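Colleague: Sequence plus the predicted model coming up.
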Amino acid sequence: MAKEKKAKKDRVYSPKGIIRELKTVEWPGFTALLKSSGLVILFTLLFGVYFFICELAASGLLNLIIKA
């Protein structure tokens, strides 16, 4: 019973608890941040190109069907 009460108490958000949690977080360094950001930008561009090609193929196929 005491564990359930403690677990419920831990779920309550308080400024003190949030600050304590933020101090335990291991923040990435500048180089790791740059690498991660670069990967996100790269994959976003790759997905954009992929969807653009799919859109061109689909519109070309629809044009062929409509003209036939």
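Modeller: All right, it came through fine. Numbers count the residues shown, from 1 in each chain.
Colleague: for this structure, what's the longest helix?
Modeller: For the chain, the helix with the greatest residue count under DSSP state H is helix 30-67.
Colleague: Quick test: name the residue nearest the centre of the protein.
Modeller: Among the residues of the chain, the one closest to the centroid is Val40, at 9.0 Å (CA atoms, centre = their mean).
Colleague: For that residue, report the pLDDT, please.
Modeller: In this model, Val40 is scored at 98, pLDDT.
Colleague: Likewise for Lys5?
Modeller: Confidence for Lys5, expressed as pLDDT, is 58.
Colleague: same thing with Ala57?
Modeller: So Ala57 comes in at 97 (pLDDT).
Colleague: Poorly predicted segments of the protein, please.
Modeller: 1-12 (pLDDT under 70).
Colleague: how close does the most far-flung residue of it relative to its centre get to Leu62?
Modeller: Checked against the mean C-alpha position of the chain, the extreme residue using CA atoms, centre = their mean is Ala68, at a distance of 43.2 Å. Ala68 sits 11 Å away from Leu62, going by CB to CB, to the nearest Å. Where C-beta positions appear, they are placed from N, C-alpha and C, glycine not excepted.
Colleague: again with Leu39
Modeller: Remark: distance between Leu39 and Leu62 (CB to CB) = 34 Å.
Colleague: Same check on Val40?
Modeller: In this view, Val40 and Leu62 are 32 Å apart by CB to CB.
Colleague: try Leu42
Modeller: Applying CB to CB to Leu42 and Leu62 gives a distance of 31 Å.
Colleague: residues in contact with stretch 34-45?
Modeller: Applying CB atoms under 8 Å, 6 or more residues apart in numbering, the external contacts of stretch 34-45 come out as Pro28.
Colleague: How far does it sit from its chain's centre?
Modeller: Here stretch 34-45 is found 12 Å from its chain centre; the criterion is CA atoms, centre = their mean, to the nearest Å.
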